[in-house]
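> structure for this input, please:
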Amino acid sequence: MPNTIDFKQVEKNARIRDLEIENEKFKQDHNEISKNELEKAMETLVKATGKELYIGTKKSPHSKVRFVQLIQDNWNYALEVGYFTDEEILFLMRIQRFLQFKSNCIVDDIHLRGAVPMTQTQIAERLGTSKPKVSRVLKQLQEKGIIVKAVGQEIEGNNVRTNAIFINPNIMFSGERDNIEVTLKALFMKSKRLLKNFPIALF
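Numbering: from 1, shown residues only. This next block holds a predicted model:
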């Protein structure tokens, strides 16, 4: 009699292995406490308090540390094909310290909630360079899909409106790359075709 494969049994064994792997990973992530032990502890607490509970973790003391992530594969590609000029690379490296967390907007103070977008004049002053030079580099980067200028608030007593300048998160991002705000994605939707050959697309 030819050997036959019991596919139901094979599938059942695979599910059991997957469950064992999942449980082992859970234990590693929770100081060797199993999911079953945690669920039982939660049930006990619910009975004791008579209230629905949830598990939360205390904020890390490092949660207020500001950081910028460079999307390395995209930078590698850009440098390999000469997508940026040396002047543009230097500008991006020097400007990244002014990127507001989550919004990726160039602002005057990254530690303030009410931070204000910097004007081109302010950027030039902070970088110790000239406004014409900043304007030229920004224009070049805008044409390459790396920055977007969004019309901001009108300056009091003046008809001129400020421009908020945003950096494409596919190049560098101040925040969690898996949690990019919808508004920021929308700003760079038209830029996707310009970066279509880049290896990584975060949205």
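> okay, CA-based contacts and neighbour counts for the rest of this
Noted.
> summarise which helices and strands the lengthiest helix in the chain is packed against.
Among the elements of type helix in the chain, defined by DSSP state H, the one spanning the most residues is helix 7-29. If contacts are counted by 3 or more Cα pairs under 8 Å, 6 or more residues apart in numbering; DSSP states H and E, helix 7-29 sits against helix 35-49.
> and the next helix or strand after the helix it packs on, what other elements does it pack with?
Next helix or strand after helix 35-49 toward the C-terminus (DSSP states H and E): strand 69-70. Contact partners of strand 69-70 among helices and strands, from 3+ Cα pairs under 8 Å, 6+ apart: strand 172-173.
> per the record, what domains does this protein have?
7-49, 69-191 (automatic domain parsing).
> which stretch in these has the least confidence?
Of all the domains of the chain, mean pLDDT reaches its minimum on domain 7-49 (a mean of 73).
> off-centre distance for that domain?
Relative to the chain's own centre, domain 7-49 is displaced by 31 Å; criterion: Cα atoms, centre = their mean, to the nearest Å.
> which residue is the nearest non-sequential neighbour of Val134?
Ala124 (6.1 Å; Cα to Cα, 6 or more residues apart in numbering).
> okay, now that neighbour: neighbour count?
Residues contacting Ala124 under the criterion other Cα atoms under 10 Å number 17.
> that one and Lys131 touch, don't they?
Yes - using Cα atoms under 8 Å, Ala124 is in contact with Lys131, at 5.2 Å.
> so which residue is smack in the middle of this protein?
For the chain, the residue nearest the mean C-alpha position is Arg177 (2.7 Å; Cα atoms, centre = their mean).
> got the contact list for the residue nearest to that residue when sequence neighbours are not counted?
Leaving out its chain neighbours, the residue that sits closest to Arg177 by Cα to Cα, 6+ apart is Leu202, at 7.1 Å. Residues in contact with Leu202 (Cα atoms under 8 Å, 6 or more residues apart in numbering) are 169-170, 177-178.
> out of the residues you listed, who's nearest Lys51?
The shortest approach to Lys51 among the contacts of Leu202 belongs to Asp178, at 32.9 Å (Cα to Cα).
> and the closest one, what are its phi and psi?
Per-residue torsions, Asp178: phi -90, psi 0 (degrees, to the nearest 10).
> contacting residues around it?
For Asp178, the contacting residues are Leu202, by Cα under 8 Å, 6+ apart.
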